[in-house]
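Undergrad: output the structure for:
(2 chains)
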Amino acid sequence: GQQVMQIPQYQHVQEGEDFTTYCNSSTTLSNIQWYKQRPGGHPVFLIQLVKSGEVKKQKRLTFQFGEAKKNSSLHITATQTTDVGTYFCAGPSGNQFYFGTGTSLTVIP
Amino acid sequence: NAGVTQTPKFQVLKTGQSMTLQCAQDMNHNSMYWYRQDPGMGLRLIYYSASEGTTDKGEVPNGYNVSRLNKREFSLRLESAAPSQTSVYFCASSEAARTVGYTFGSGTRLTVV
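TA: The predicted model follows:
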């Protein structure tokens, strides 16, 4: 099946610092999705990227899809305590999405 | 709208017992999914139903069965629970199979002792 690798697995940052998580696929993806899961909660859909080189922004979050459509990144500028959680990318294969193992973000006040 | 509703929220089973996890969505979505989440393993697909009347295996289907009862409901059954099935189970739905985001339920925390 599809392999979607995510790094890093954990990240601790001081509040106000930036944060980036990376997602890499062994094959070309038709699209990629990003989700956020708060501690004790369920995954919540954030965004879908479809085009090669696409960049989308949601307030302090910037999502990027690589030119070769094999990698993606999520960058958070000036983290806040509300950003705490695990961020997952997901890539399609067949009729389903395969989720990465996630990056757990801790923000230290 | 309630979105995706899962029951129960918590369950403790003894090894060998059976149970059914219920999932219902009120968004008129065509596709529904069952995932399990274990520490460090991300979300792994157990079974999915791309549309009403169809079901297919995901990455980790062994020990599970599913039923797409109608367009709204998709249940997951453990016939003989094992400690390895201790996990958090999430149901999700989407309008189409792989082109739009998933809406997840709040999860069922299952412990098998």
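Undergrad: can I get stretch B:44-64 in PDB? Just the C-alpha atoms.
TA: Included here for stretch B:44-64 are C-alpha records, laid out as PDB according to Å, rounded to 0.1, in the frame of the first residue of the first chain:
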ATOM      1  CA  ARG B  44      -4.600   2.500  10.100                       C
ATOM      2  CA  LEU B  45      -7.600   1.700   8.000                       C
ATOM      3  CA  ILE B  46      -9.500  -1.400   9.000                       C
ATOM      4  CA  TYR B  47     -12.400  -1.500   6.500                       C
ATOM      5  CA  TYR B  48     -14.200   1.000   4.300                       C
ATOM      6  CA  SER B  49     -17.300   1.400   2.300                       C
ATOM      7  CA  ALA B  50     -16.900   3.500  -0.800                       C
ATOM      8  CA  SER B  51     -20.700   3.500  -1.300                       C
ATOM      9  CA  GLU B  52     -23.800   2.000   0.100                       C
ATOM     10  CA  GLY B  53     -23.800  -1.700  -0.600                       C
ATOM     11  CA  THR B  54     -20.100  -2.100  -0.900                       C
ATOM     12  CA  THR B  55     -17.300  -2.900   1.700                       C
ATOM     13  CA  ASP B  56     -13.600  -3.500   1.300                       C
ATOM     14  CA  LYS B  57     -10.700  -4.400   3.400                       C
ATOM     15  CA  GLY B  58      -8.100  -1.900   4.500                       C
ATOM     16  CA  GLU B  59      -4.600  -2.300   5.900                       C
ATOM     17  CA  VAL B  60      -5.500  -4.300   9.100                       C
ATOM     18  CA  PRO B  61      -8.800  -6.200   8.600                       C
ATOM     19  CA  ASN B  62      -8.000  -9.400  10.400                       C
ATOM     20  CA  GLY B  63     -10.300 -10.000  13.400                       C
ATOM     21  CA  TYR B  64     -12.900  -7.600  12.300                       C
END
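Undergrad: please see if it touches chain A.
TA: Yes: with Cβ under 8 Å from any Cβ of the partner chain as the threshold, stretch B:44-64 lies in contact with chain A, specifically through B:Arg44, B:Leu45, B:Tyr48, B:Ala50, B:Asp56, B:Gly58, B:Glu59. For glycine as for every other residue, the C-beta is placed from the backbone atoms N, C-alpha and C.
Undergrad: repeat for stretch B:104-113
TA: Yes: contact between stretch B:104-113 and chain A is present through B:Phe104, B:Gly105, B:Ser106, B:Gly107 (criterion: Cβ under 8 Å from any Cβ).
Undergrad: and that stretch, average pLDDT?
TA: The average pLDDT within stretch B:104-113 is 97.
Undergrad: could you tell me the end-to-end distance of that stretch?
TA: Distance between the boundary residues of stretch B:104-113 (Cα to Cα, to the nearest Å) amounts to 27 Å.
Undergrad: buried ones in it?
TA: Of the residues in stretch B:104-113, those with enough neighbours to count as buried (16 or more other Cβ atoms under 10 Å in any protein chain shown) are B:Phe104, B:Gly105, B:Gly107, B:Thr108, B:Leu110, B:Val112.
Undergrad: any idea which residue sits dead centre in chain B?
TA: A centroid search over chain B (Cα atoms, centre = their mean) returns B:Trp34, at 2.8 Å, as the residue closest to the centre.
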